[in-house]
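Q: Would you be able to build a 3D model of this:
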Amino acid sequence: MRPVVLVLLAAVCFGSTGTAVALGASGSSPLAVGAARIAVGGALLAAVAAWPLLRRGSGVTAPSARLVGVVVVGAVGVVAYQPLFFAGTRTNGVAVGTVVALGSAPLVTGLLAWVLTGVRPGRRWTAATAVAVVGLALLAVSAGEDAAASPLGLLASVGAGASYSVFALVTKRLLDAGWGPTGSVGAVFGLAAVLSVPVLLVTGVPAGAGGLAVALWLGVVTTALAYVLFSTGLRELTAPTAATLTLAEPLTATLLGLLVLGEHLTAAQAAALLLVATGLAVLAAPTSRRPRRARVPA
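A: Sure, this is the predicted structure:
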């Protein structure tokens, strides 16, 4: 139960992103905000991961070339998520773009894990994911009733979901190889922070005190803290299960929009959120393992 709670807490941190940007950096470039988030959070995660290694000294064993390649793939996934996500939200709106990106992530993660590891997702994950994704689809449809969705925008959002899936699978691979939670996300996000520097040089950093505060919140809370929680929980979960649990992010974002930003909720959106919450509850509920009764010969 503890790993599930950790991933859900991470999703709550993720879900505060949109509200924070709306309150303090609505005039800043989305790419600038995203790059600043990765730069701040990635640098912090890299420092947290490097601290035990510095204290340990020269006894640290260098990772294999294969694992270095895995880290590079994960960092590319983290960096690619930002422009794809913002392209989807800019084309089809924040609500539709967000739910398509996050709704596609569990499906892509489960399918990729099946292809790469040969482990077929369980029936519980399939049922929970199906219910939650139906809820997200209903939320997207209800949010976009007045305008037709752009296929290119939808493709970008699905690409963002796939990028997140790559990160989840890479992190799980590093954890399975014996890396610690902070070491795994620190290596991936540290490299992603380096890759984000050219983006910041082009877009500039978010301007003003509000922009700086938002960049720090996104970097410290929604990246550093959130991904430490996520990777710690992921250590004892499968990547598809963790990806489905992070569907609590759009649930959190919607609730914050209602309570903090004063947004309104339609009946269809309320039903959609109930479906998402139901899917998460199915996956988060503890499994009761009953011993099988021995068959008595007749």
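Q: What is the neighbour count of residue 231?
A: 28 (other Cβ atoms under 10 Å). Using the backbone N, CA and C atoms, a C-beta is placed for each residue, glycine as well.
Q: Once you drop chain neighbours, what's closest to it?
A: Nearest non-adjacent residue to residue 231, counting by Cβ to Cβ, 6 or more residues apart in numbering: residue 181, 3.8 Å away.
Q: Let's see the pLDDT reported for that neighbour.
A: Looking at residue 181, its pLDDT stands at 82.
Q: Look up how far residue 45 lies from it.
A: In this view, residue 181 and residue 45 are 10 Å apart by Cβ to Cβ, to the nearest Å.
Q: Check residue 132 too.
A: According to Cβ to Cβ, residue 132 and residue 45 sit 28 Å apart.
Q: ditto for residue 253
A: Distance of residue 253 to residue 45, computed by Cβ to Cβ: 22 Å.
Q: next one: residue 133
A: Counting by Cβ to Cβ, the separation of residue 133 from residue 45 is 29 Å.
Q: Those two - which one has more neighbours?
A: residue 45 (29 against 22).
Q: Please give the element, helix or strand, for the more buried one.
A: helix 30-56 (DSSP states H and E).
Q: Would you mark the buried spots in that helix?
A: Neighbour counts over helix 30-56 (16 or more other Cβ atoms under 10 Å) mark 30-46, 48-49 as buried.
Q: Next: stretch 69-82.
A: Applying 16+ other Cβ under 10 Å to stretch 69-82 flags 70-71, 74-82 as buried.
Q: Looking at the residues you listed, which are in helices?
A: 70-71, 74-82 (DSSP state H).
Q: How about residue 114, nearest residue that isn't a chain neighbour?
A: Among residues not flanking residue 114 along the chain, residue 120 sits closest, at 5.6 Å (Cβ to Cβ, 6+ apart).
Q: And for residue 46?
A: Leaving out its chain neighbours, the residue that sits closest to residue 46 by Cβ to Cβ, 6+ apart is residue 190, at 3.0 Å.
Q: any chance you could map the helices in the stretch 101-250 of the chain?
A: 123-143, 151-176, 181-203, 208-219, 226-234, 239-245, 248-259 (DSSP state H, counting those that start in this stretch).
Q: Thanks a lot, catch you later.
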